[in-house]
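>>> Give me a model of this one.
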Amino acid sequence: MTEKFDKMLDRIHSDSMKWNVYPQDVLPMWVADMDFLSPPEVIEALQNRVNHGVFGYAMNPKMLDEVVIQWAGAHYDLQISTENILYVPGVVTGINLSARALLNQGEGILYQPPIYPPFFQVASNGGFEDHPVDLVQNSDGQYAIDGNRLEDGIHPNTRMFLLCNPHNPVGRVFTRSELEMIAEICKRYDLFICSDEIHCDLTYEPAHHTPILSLGDAVAERTVMLFAPSKTFNIAGLGFSVMVIKDPDLMQHVKQQLAGIIPHPDLLAAQAACAAYQYGGDWLNDLIVYLQGNRDFMVDFISAEMSEISVNKPEGTFLAWLDCRKTSFADDPYSFFLNNAKVGLNNGLDFGQAGRGFVRLNFACPRSLLAEGLQRMRKATLSFK
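Just a heads-up that it's a prediction; the model follows:
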């Protein structure tokens, strides 16, 4: 039942960031939310709560911890308990909290560009050092983690590794063996791990998401993991994410950092998250089918109609990382497509210097909209030759 995702929605008049940053003649295919209605069960839960009409101080829904625990067990084979869970307004909030709770001023943070732009601000936000080490790109265009290169980038004061899995923007879903390599390096160099797994529900077979915390107790004693219903069920604007910390000492440090600063979850956000994790499974299955169809359509179109641009099929997320370095507009593909195709993408440079010559495209939209955006891009490239 994927036809529901073909419905065109008017988001311009909904305070949408995605649809209101650019002029109305620009087709926005950038920020990572979806142009789909959220699951009907989520909408119903919000409507029922709003219809009550009283929005006083609220406790979390009684079922919230239980449905989060059940979802993690059923979907990721990850066993957690109530004592392992904290709720925060967003994954970026959780990453910054973790760094400030566990690191001392002047210690370093290791991460692998090209990567989600807020990773670049974590160090400066907290008074830490930036220790980036680029992912490697193989001859087939696929990205990988080079263990030796990662080790070479560790400084004497490096203290935390930021992991993004599934990876934004390159779309990798790291294998268990890759994650074990990371975990072994972090253990050997005594690094904390803070893992952004916000796209963990959005993977395409044969890729399978492996939570970093599923690797065992030796990993858990140094790890903070974050996931959320926001990307999965298109409720990012409600501000709800899950921190999972199995080690009691780490949990205590993080709790002390957020005390009096980070509020309890918004009552509507908690209702939406509870309904999504309790009833959203069938909707998600349909979504994955539709997104995979969009992904394949996009990759095939680019291969056939814009052959100077290369793109690997994302193993996860609904984001495509387009390599424009062989085009005549390689210096600034973002501005080229914005000005000549009227398509708003993400500038590859926002993801670090390793993103020079790239743009990121969000394909979580009705297929007709995706086709229009790709056709605009094709016409622009043809006219530029």
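>>> C-alpha from now on. contacts and neighbour counts both.
Noted.
>>> Next secondary structure element downstream of the helix or strand harbouring E66?
Element membership for E66, per DSSP states H and E: helix 64-76. Scanning forward in sequence from helix 64-76 by DSSP H and E, the next helix or strand is strand 85-88.
>>> ok, now which ones touch C274?
C274 makes contact with P61, M63, L64, V67, V68 under the criterion CA atoms under 8 Å, 6 or more residues apart in numbering.
>>> so which of those residues would you say is closest to Q105?
For the contacts of C274, the closest approach to Q105 (CA to CA) belongs to V68, at 33.8 Å.
>>> Please list all residues in contact with the closest one.
Applying CA under 8 Å, 6+ apart, we find V68 in contact with C274, Y277.
>>> before we move on, what about F384?
Each residue near F384 by CA under 8 Å, 6+ apart is listed here: S328.
>>> how close does it sit to V343?
Computed as CA to CA, to the nearest Å, the F384 to V343 distance reads 15 Å.
>>> could you pull out the helices for the stretch 1-150 of the chain?
Using DSSP state H, counting those that start in this stretch, the helices of the stretch 1-150 of the chain run over 17-20, 40-52, 64-76, 91-102, 122-126, 147-152.
>>> for the ones you listed, which one ends up most surrounded?
Ranked by mean neighbour count, the helices of the stretch 1-150 of the chain are led by helix 91-102 with a mean of 21 (mean count of other CA atoms under 10 Å).
>>> Show me what that one is packed up against.
When contacts are defined as 3 or more CA pairs under 8 Å, 6 or more residues apart in numbering; DSSP states H and E, helix 91-102 packs onto helix 122-126, strand 192-196, strand 223-227, strand 241-244, helix 248-258.
>>> Please save the CA atoms from the first one in PDB.
In PDB, the C-alpha atoms belonging to helix 122-126 read as follows (Å, rounded to 0.1, in the frame of the first residue of the first chain):
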ATOM      1  CA  VAL A 122      30.400  19.900  18.700                       C
ATOM      2  CA  ALA A 123      34.100  20.700  19.500                       C
ATOM      3  CA  SER A 124      33.800  24.500  19.300                       C
ATOM      4  CA  ASN A 125      30.500  24.500  21.200                       C
ATOM      5  CA  GLY A 126      32.100  22.800  24.200                       C
END
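>>> Who are the packing partners of that helix?
Using 3+ CA pairs under 8 Å, 6+ apart, the elements in contact with helix 122-126 are helix 91-102, strand 129-132.
>>> Name the surrounding residues that touch that helix.
When contacts are defined by CA under 8 Å, 6+ apart, helix 122-126 is touched by residues I95, N96, A99, R100, Q105, G108, I109, F128, E129, D130.
>>> go with 6 Å
N96, E129, D130 (CA atoms under 6 Å, 6 or more residues apart in numbering).
>>> so the second one touches G108, yeah?
It refers to E129. Yes - the pair E129 / G108 is scored as a contact, 4.3 Å apart, by CA atoms under 6 Å.
>>> Of those two, give the one with the bigger neighbour count.
Neighbour totals were compared for E129 and G108, and G108 leads with 24 against 18 (other CA atoms under 10 Å).
>>> Beta-bridge partners for that one, please?
Counting by DSSP bridges, G108 forms beta bridges with E129, T158.
>>> For the nearest residue to V88 once chain neighbours are set aside, give me its contacts.
The shortest distance from V88 to any non-neighbouring residue, by CA to CA, 6 or more residues apart in numbering, is to S241 (5.3 Å). By CA under 6 Å, 6+ apart, the contact set of S241 is Y87, V88, P89, G90, V91, A228.
>>> and P113, how many neighbours does it have?
Using other CA under 10 Å, P113 has 24 other residues around it.
>>> how far away is it from D140?
For P113 relative to D140 (CA to CA), the value is 18 Å.
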